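Student: I'd like to go over a predicted model; first the sequence, then the structure.
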Amino acid sequence: MTTWEQWVENLKNSVSGLGNSIYNAFNQPITTMADYDNNKQPTPTISQYNQPTTAPAYTPAPVPPTPTPTPTAWADVTKYNDPASYTDLINQIWKGVPSQDVIDTMQGESGGRIGAYNLNDVPNGWGKAIGVNIPDTRTDWLNLRKQYESVDVGLMMLNTADAMTEYLDKKGWTYYDLLHDPVKNLTAAYDLYSGNIPKTSKGWGNWNGRPERLKGKK
């Protein structure tokens, strides 16, 4: 085969291969709308998987309102102590006096409530006083004293009499101290019981809340 003949043969083969490629291309199935109708969906691309996802907006749960506490019969209930809890202090201050006598008297007077007070100048003063406006500051106490002349204060319900006022002045104490300080209240009560406060009578007769066994007892 001559060179010319070889070249012609190669050209035929090339044309034949090109024809086959064109034939195969035209014989491939074509995606039509009918294919979509038959659920033949196209293969997703990578870009479709990388689409950003928007998280749903966060809505915090509503916070229930704090209920308003209902006032109790004793406004200073958090300051309540069993009178027996003062036994050691009573034994230190009320030397020679049975501690149970003091405990029972305290129970009848204040119930062991620091900050309790009794208004003597109004009907049912005790019931009115123990439910409202416990004077937690000295200003509160002074405002209370401007309204009421006779008030019993603190654990042993010591009265704001002139003799007690003079006693407190010498001690450098105030009725506010007697109202909130158990040591000062019990000390002043012991001095009243012992007759150490001028212009006063000593003994259990100073306390209406004393137990029956102490009534009539010096």
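Tutor: Okay, I see it.
Student: per-residue pLDDT, Val183?
Tutor: Looking at Val183, its pLDDT stands at 94.
Student: quick one: it and Asp88 touch, right?
Tutor: No. Contact criterion Cβ atoms under 8 Å: Val183 and Asp88 do not qualify, at 11.6 Å. To be clear about C-beta, it is placed using only N, CA and C from the backbone, and glycine gets the same treatment.
Student: could you chop the chain up by domain?
Tutor: Domain assignment for the chain by automatic domain parsing gives 3-40, 77-214.
Student: any low-confidence regions in the chain?
Tutor: For the chain, the stretches with pLDDT under 70 are 1-8, 10-56, 58, 60, 63-81, 121-134, 218.
Student: you'd agree Gly154 is up against Ser110?
Tutor: Yes. Using Cβ under 8 Å, Gly154 makes contact with Ser110 at a distance of 6.8 Å.
Student: between those two, which contacts overlap?
Tutor: Residues touching both Gly154 and Ser110 by Cβ atoms under 8 Å, 6 or more residues apart in numbering: Ala116.
Student: mind listing residues that contact stretch 140-153?
Tutor: Stretch 140-153 has contacts (Cβ under 8 Å, 6+ apart) with 109, 116-122, 133, 135, 158-161, 174-176, 178-179, 185.
Student: can you flag the buried ones in those?
Tutor: Buried by 16 or more other Cβ atoms under 10 Å: 109, 116-119, 135, 158-161, 174-176, 178-179, 185, out of the contacts of stretch 140-153.
Student: what's the farthest-apart pair in those?
Tutor: The largest separation in the buried ones among the contacts of stretch 140-153, counting by Cβ to Cβ, is between Glu109 and Thr174 at 19.7 Å.
Student: so what's Tyr86 up against?
Tutor: 102-103, 106, 112, 155, 182, 186 are the contacts of Tyr86 under Cβ under 8 Å, 6+ apart.
Student: what's the answer for Thr165, then?
Tutor: Thr165 is in contact with Tyr175, counting by Cβ under 8 Å, 6+ apart.
Student: what helix or strand is it on?
Tutor: Secondary structure from DSSP states H and E places Thr165 in helix 162-171.
Student: kindly report the same for Gly115.
Tutor: Assigned by DSSP H and E, Gly115 belongs to neither a helix nor a strand.
Student: correct me, but it touches Leu179?
Tutor: Yes. Contact status for Gly115 versus Leu179: in contact at 5.9 Å, counting by Cβ under 8 Å.
Student: overlap of the contact sets of the two?
Tutor: Contact criterion Cβ under 8 Å, 6+ apart; residues shared by Gly115 and Leu179: 135, 154.
Student: restricted to helices, list the contacts of Tyr86.
Tutor: Residues of the contacts of Tyr86 located in helices (DSSP state H): 102-103, 106, 182, 186.
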